[in-house]
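Q: here is a sequence with its predicted model. Questions after.
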Amino acid sequence: MFEKQAGLMANTPGINSQRLRALLDGVNTFGRNPQTGGYNRVGYSDADMAVRSWFLEQMRADGLAVHRDPVANLFGRYGPADGPCIMAGSHLDTVPEGGAFDGALGACVALECVRAMKDVGFTPATAIEVVATAEEEGRFGGMLGSQAIAGVVTAQWLNEARDADGIRLADAMRDQGLNARDALDAARPPRDVKAFLELHIEQGPVLEQAGIPVGIADSVAGVINLAVSLLGRANHSGTTPMNLRADAFAGLSAVGQAVRSINAEHGGERSRITIGKVTLQPNFIHTVPGRADFIINIRDTDPGTMAALAQAMEQAVRDAAQANGLSFSIEEQSRMEPVRLDGTLVSLLNEEAHRLGLKTLTMPSGAGHDAQTMQALSPSGLIFVPSRDGISHAPEEWTDWEAIEKGAQLMLSALVRLSAIAAD
């Protein structure tokens, strides 16, 4: 499917690192918190929509044919106006108080690749579409932008999806002049997209610890989020005997203590279980907690293992509730199945890295990315660059520019190779 054209690679254009850095700096003028150094461009916030308008104008200024779809995905097309495309990019939204690189770097690298092609007069035979996807960070429990492109969203989910504060997706989109129901019209036919490529920071420590500049993902872990409530009885902390308490926090603590043993018994090297969001009520120093609400986040690249972990964690909740005199509820808040990325693209990326003299590591992704959703539509590939100390989703997030240049050059070489031959 992805043939190598003789003589093409000798004329591969080069990444302009200074120009790429200026583009990323421009994105990061939006949503920055000067007190924390973090970035706040949560999906469908004012800052998120503002950076989209700005990025669209950057692509327009570069002479790309631009458009915005019904969920605010942005596209900039370079090459033939008709026919299939090679799509490349990532997202512009952030988690609350997120870092400067997550998502935004991939969108900027895709645009820089097109700029580099234009610098040397390279015109692709198959069009390249730079994409900046919407709402990837899962404010509403999914990856709406790429899910809409791939045609895997449902009317029921669009109507029911809410964020952690109870705000409906439909209302958040309406406030930005969008209609959630129109997401069903954003799907691209499979024939429209020949391949999808994404560059992203690793968001973990593996590449840095191994001293390897580029990772190539062969799979993306699935995710199950279980919303759990433990219901006890709020009471005075000084007058309620220990043996007469129905302490919701004690139940939560028991569930937390079970995580490591469950992961060891039912999981493997690629398994992850996290309790990352907790609310206690009434959350007062002199009161026994009467209610604990929390999310259990379960990840693995194998669907059977992921299901076994979820079942074991549900049993841990039941056991903790019984031991502490609590009632409970468990609701599956969201689920994304594990995805194996296109093996041919993995090989192509490794070939191009070898040609460039780059050492690579083929690896799974523990974090979710647009590439996993896009794989349902077209062959998809995912390039990683190292994260310093493995930190992401935090103001301290950082990737050295020397590593960024290598990953970006690999992306450029792959896009040249993929687009140099006219699609069938």
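A: That came in fine, so what should we check first?
Q: any chance of the backbone angles for the residue nearest the centre of the chain?
A: Central residue of the chain (CA atoms, centre = their mean): residue 369, 3.5 Å from the mean position. Residue 369 adopts backbone torsions of phi -140, psi 160, taken as degrees, to the nearest 10.
Q: over to residue 33?
A: Dihedral pair for residue 33: phi -100, psi 110, per degrees, to the nearest 10.
Q: I'd say the residue nearest to the centre of the chain and residue 201 touch.
A: No. With contact defined as CB atoms under 8 Å, residue 369 does not count as touching residue 201 (10.5 Å). Every residue, glycine included, has its C-beta placed from N, CA and C.
Q: per-residue confidence at the residue nearest to the centre of the chain?
A: Model confidence at residue 369, expressed as pLDDT, equals 94.
Q: which residues of the stretch 201-350 of the chain fall in strands?
A: Counting by DSSP state E, counting those that start in this stretch, the stretch 201-350 of the chain has strands at residues 214-220, 222-231, 235-236, 272-281, 287-288, 291-300, 327-336, 339-340.
Q: how near is the residue nearest to the centre of the chain to residue 397?
A: 16 Å (CB to CB, to the nearest Å).
Q: state which helix of this structure is the longest.
A: Using DSSP state H, we find that the single longest helix of the chain is helix 303-323.
Q: which ones are touching the residue nearest to the centre of the chain?
A: 90, 136, 198, 200, 217, 220, 382 (CB atoms under 8 Å, 6 or more residues apart in numbering).
Q: now the third one. Its backbone dihedrals?
A: Meaning residue 198. Main-chain dihedrals, residue 198, degrees, to the nearest 10: phi -140, psi 140.
Q: that one - nearest residue in space that isn't next to it in sequence?
A: Spatial nearest neighbour of residue 198, excluding adjacent residues (CB to CB, 6 or more residues apart in numbering): residue 371 at 4.6 Å.
Q: elements contacting the helix or strand containing that neighbour?
A: Taking DSSP states H and E as the definition, one finds residue 371 inside helix 370-374. If you count contacts as 3 or more CB pairs under 8 Å, 6 or more residues apart in numbering; DSSP states H and E, helix 370-374 packs onto strand 85-91, helix 144-150, strand 193-201, strand 214-220, strand 380-385.
Q: put the alpha carbons of that helix into PDB.
A: Below are the C-alpha coordinates for helix 370-374, written out as PDB (Å, rounded to 0.1, in the frame of the first residue of the first chain):
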ATOM      1  CA  ASP A 370      -6.200  10.400  18.200                       C
ATOM      2  CA  ALA A 371      -4.300   7.800  16.200                       C
ATOM      3  CA  GLN A 372      -6.200   5.000  18.000                       C
ATOM      4  CA  THR A 373      -9.500   6.400  16.900                       C
ATOM      5  CA  MET A 374      -8.400   7.200  13.400                       C
END
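Q: need the contact partners of it.
A: 87, 89-91, 133, 136, 143, 145-147, 149-150, 152, 193, 196-198, 217, 220, 336, 339, 341, 365, 380-382.
Q: residue ranges in the stretch 1-150 of the chain under the pLDDT threshold?
A: The stretch 1-150 of the chain contains residues with pLDDT under 70 at 1-12.
Q: residue 236 contacts residue 290, correct?
A: No. Counting by CB under 8 Å, residue 290 is not a contact partner of residue 236; they are 11.5 Å apart.
Q: neighbour count for these two, which is higher?
A: Each of residue 236 and residue 290 had its neighbours counted (other CB atoms under 10 Å), and the higher figure belongs to residue 290 (20 against 9).
Q: ok, that one touching residue 281?
A: Yes. At 6.0 Å, residue 290 and residue 281 qualify as touching, with contact defined as CB under 8 Å.
Q: tell me the spacing between the closest residue to residue 290 other than its chain neighbours and residue 247.
A: Spatially, and ignoring its direct neighbours in sequence, residue 290 is nearest to residue 234 (3.0 Å; CB to CB, 6+ apart). The spacing between residue 234 and residue 247, counted by CB to CB, is 10 Å.
Q: shared neighbours, those two?
A: Shared contacts of residue 234 and residue 247, defined by CB under 8 Å, 6+ apart, comprise 288-289.
Q: of the two, who's got more company?
A: Neighbours were counted for residue 234 and for residue 247 using other CB under 10 Å; residue 247 has more, 23 against 19.
Q: what's near enough to touch that one?
A: Applying CB under 8 Å, 6+ apart, one finds that residue 247 lies in contact with 232, 288-289, 324.
Q: turn the residues you listed into a markdown table, including pLDDT, neighbour count and distance to residue 40.
A: Shown next, in a markdown table, are these (pLDDT from 0 to 100; neighbours: other CB atoms under 10 Å; distance: CB to CB, whole Å):
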| residue | pLDDT | neighbour count | distance to residue 40 |
| --- | --- | --- | --- |
| 232 | 98 | 24 | 35 |
| 288 | 97 | 23 | 35 |
| 289 | 98 | 25 | 30 |
| 324 | 98 | 20 | 37 |
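Q: tell me how many other residues crowd the closest residue to residue 391 other than its chain neighbours.
A: Nearest residue to residue 391 in three dimensions, chain neighbours excluded: residue 397, at 5.5 Å (CB to CB, 6+ apart). The number of residues packed near residue 397 is 24, by other CB under 10 Å.
Q: quick check, residue 397 in a helix?
A: No. Under DSSP: H, G, I helix; E, B strand; the rest coil, residue 397 falls outside any helix and is assigned coil.
Q: so what are the domain limits for this structure?
A: Domain assignment of the chain by automatic domain parsing yields the ranges 9-221+338-419, 225-336.
Q: return the most buried member of those.
A: Of the domains of the chain, the one with the most neighbours on average (mean count of other CB atoms under 10 Å) is domain 9-221+338-419, at a mean of 20.
Q: do you know the pLDDT at residue 423?
A: pLDDT recorded at residue 423 is 72.
Q: next one: residue 195
A: pLDDT, residue 195: 98.
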